[in-house]
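[1] Could you look at this predicted model? Sequence included:
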Amino acid sequence: MSDQTLMEKLISLAKRRGFIFPGSEIYGGLAGTFDYGPLGVVLKENVERLWLQMFRDDRDDMYGVDAAILMNSKIWEASGHVSGFSDPLVECEKCKRRFRADHLDGSGKCPECEGKLGDVRQFNMMFKTHAGANEDTSAVVYLRPETAGGIFANFKNVVDSIHPKLPFGIAQIGKAFRNEIAPRDFIFRLRELSQMEVEYFVHPSEWEQAFEGWRKMMHLFAKAIGIPQDSVHELEVAAEDRAHYSKRTIDFEFDYPFGRKELWGLAYRTDFDLSAHEKHSNVELKYLDETAGVKFTPHVIEPSLGVDRTVLAILSSAYREDSMGGEVRTYLALAPKIAPVKAMVSPLLKNKPELVAKAREVRAELKKVHPAIAWDDNGNIGKRYRRQDEIGTPFCVTIDFDTLGETPELKDTVTLRHRDTGEQERLTMPEVAERIRSVIQ
Ligand code: ATP
């Protein structure tokens, strides 16, 4: 299967099965926006929940915030985004299409029509709007281009309310907005995206150790969400390519169907942000080490993970086709932990009330293990299995006459079918519950 075909199939499956829809579709769409549907939203939440668990809740040195998206525009002046958050823009003089100059081949020709390209100019990617009824410059606000701003702006609030001991970090998940010149590649380059970010505050002498710790954590997270380890590559970003605030950056790249591209970033932001905000706000943003009796500006390590790029890495690496029962079968080999549906329960025949009643009982029992246990009694059993395969459900549980005792020694056993191999086992209910529990926890 060519990589282009894979993307087409993935986009089609995502829409057909309720994972991801084009944004504003009934009005012809809006470039750079996508909407998560019933299954996509659960997949996304599972990714976010796992991240919260690993990056915040399982640790004693991490705290959360949920800052407003709209913030005083001075935050973005201090952070350098108003003056410097831009990409090089170039327009074709013939067809008027616009491109990111650094994504072109350098020939000076339009990739679409071969026309001559105009001069490169810097294009600021922040969305600008106005707060309140006045549209003068004093009312200008920006939609945040990264969630980090809301973390730095709350550094003092967290220190004053929680009194954390250094090193400690603040984690946040939320929307960010970037007016990308050329949104593309499905949910890879969006204008409205979600980020999972940590700002980890350390003593300046300890930044390297903290950087290494978070670097390992990102690989552990890649493993936990089930993307293949050999598809994730670290790229040490050269000084001239780093963001203005960074003294060291590692991009975690992923082998997407359209090429190796940035999945996540890990940056050493020094004391750039806290110092800049202290200067612009005139509010002291320092940490007092009470034991040593010294005050200093902590340095910052930032693991920054895009939720949408993570979901795309998961979907594109999980997509599989094989042949089963003489037909092409499509399935998503999702890690059970993040699969939106953990198991589907069905009665072998839907017009046999005793089978249906028993299957309902089994489902209620399994729901105690996890709420995402689906019910399907439509069509024949083979079709039901295929539908679950396509959305990545790891297990299907079928209740038949043997469950009811037609073969006495099989009474109260059910069939457990495995998604990836199609293999089936005969197990008791406690065994099935344990199988499911053991892979989703
Ligand atoms: P790129 O070079 O691809 O534009 P970036 O280096 O500007 O990305 P960062 O500023 O490091 O990205 O943002 C942190 C993370 O947010 C990225 O690693 C990525 O996961 C995500 N992200 C950034 N821009 C987008 C976007 N336009 N659409 C979806 N996710 C994004």
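    Done, it's in. As the structure is a prediction and not an experimental result, all values here were calculated from the model.

[2] residue closest to the middle of the protein?
    Central residue of the chain (CA atoms, centre = their mean): Val307, 1.9 Å from the mean position.

[3] residues near the residue in the stretch 201-350 of the chain that the ligand sits nearest to, how many?
    Nearest residue of the stretch 201-350 of the chain to the ligand: Gly306, at 2.3 Å (CB to the nearest ligand atom). Backbone N, C-alpha and C define where each C-beta goes, glycine included. Applying other CB atoms under 10 Å, we find 23 other residues in the vicinity of Gly306.

[4] can you tell me which residues contact it?
    Applying CB atoms under 8 Å, 6 or more residues apart in numbering, we find Gly306 in contact with 193-196, 263-264.

[5] what sits opposite it in the beta ladder?
    Under DSSP bridges, the beta-bridge partners of Gly306 are Gln195.

[6] With Thr249 instead?
    Going by DSSP bridges, Thr249 is paired in beta bridges with Ala267.

[7] Do I have it right that it meets Ala239?
    No: under the criterion of CB atoms under 8 Å, Thr249 is not in contact with Ala239, lying 9.4 Å apart.

[8] Neighbour count: these two, which is higher?
    Between Thr249 and Ala239, counted using other CB under 10 Å, the more crowded position is Thr249 (21 against 9).

[9] Please name the residues that touch the more buried one.
    236-237, 242-243, 265-268.

[10] do the same with Tyr331
    Tyr331 sits next to 320-322, 389-390, 392, 419-420 when contact means CB under 8 Å, 6+ apart.

[11] any idea how far Glu180 is from Ile173?
    Counting by CB to CB, to the nearest Å, the separation of Ile173 from Glu180 is 21 Å.

[12] Also Ile151?
    Distance, Ile151 to Glu180, by CB to CB: 23 Å.

[13] Looking at Gln441 now. What's its pLDDT?
    For Gln441, the model assigns a pLDDT of 84.

[14] Next, count neighbours for it.
    Neighbourhood size, Gln441 [other CB under 10 Å]: 9.

[15] One more: Leu166?
    By the criterion of other CB under 10 Å, Leu166 has 16 neighbours.

[16] ok, for Glu77, nearest residue in space, not its chain neighbours?
    Closest residue in space to Glu77, ignoring its immediate chain neighbours: His280 at 6.5 Å, by CB to CB, 6 or more residues apart in numbering.

[17] Does the host helix or strand of the one you found pack against any helices or strands, and if so which?
    Applying DSSP states H and E as the criterion places His280 in helix 272-281. Judged by 3 or more CB pairs under 8 Å, 6 or more residues apart in numbering; DSSP states H and E, helix 272-281 is in contact with helix 74-78, helix 148-152, strand 299-306.

[18] what sits against the residue nearest to Ala31 when sequence neighbours are not counted?
    Closest residue to Ala31 apart from its sequence neighbours, by CB to CB, 6+ apart: Pro183 at 5.3 Å. Applying CB under 8 Å, 6+ apart, we find Pro183 in contact with 31-32, 189-191.

[19] hmm, try it at 10 Å
    The contact partners of Pro183, taken as CB atoms under 10 Å, 6 or more residues apart in numbering, are 30-34, 189-193.

[20] Now, those that are in strands?
    The strands, defined by DSSP state E, take in 34, 192-193 from these.

[21] Please list which of those residues also come close to the ligand.
    Restricting these to those near the ligand by CB under 6 Å from any ligand atom leaves Leu193.

[22] so which of the ones in strands among the contacts of Pro183 is the most crowded?
    Within those, Phe34 tops the neighbour count with 26 neighbours, counted by other CB under 10 Å.

[23] pLDDT score for it?
    98.

[24] Wait, it touches Asp308, no?
    Yes: with contact defined as CB atoms under 10 Å, Phe34 reaches Asp308; the gap is 7.6 Å.

[25] what sits in contact with each of these two?
    By CB under 10 Å, 6+ apart, Phe34 and Asp308 have these common neighbours: 20, 186-187, 190, 192-193.

[26] before we move on, the earlier item: the helices and strands packed on helix 272-281: which one's closest to Leu10?
    Nearest of these to Leu10, taken as CB to CB: strand 299-306 at 17.4 Å.

[27] relative to helix 272-281, how tilted is that closest one?
    Counting by axes from the mean of the first three to the mean of the last three CA atoms, to 10 degrees, strand 299-306 lies at 110 degrees to helix 272-281.

[28] so how far is strand 299-306 from its chain's centroid?
    Put simply, strand 299-306 sits 15 Å off its chain's centre (CA atoms, centre = their mean, to the nearest Å).

[29] Glu290: how many residues sit nearby?
    Using other CB under 10 Å, the number of residues around Glu290 comes to 10.

[30] need the helices and strands packed on helix 272-281 in CSV with mean pLDDT, can you?
    CSV is the format used below for the helices and strands packed on helix 272-281 (pLDDT from 0 to 100):
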stretch, mean pLDDT
helix 74-78, 96
helix 148-152, 97
strand 299-306, 98
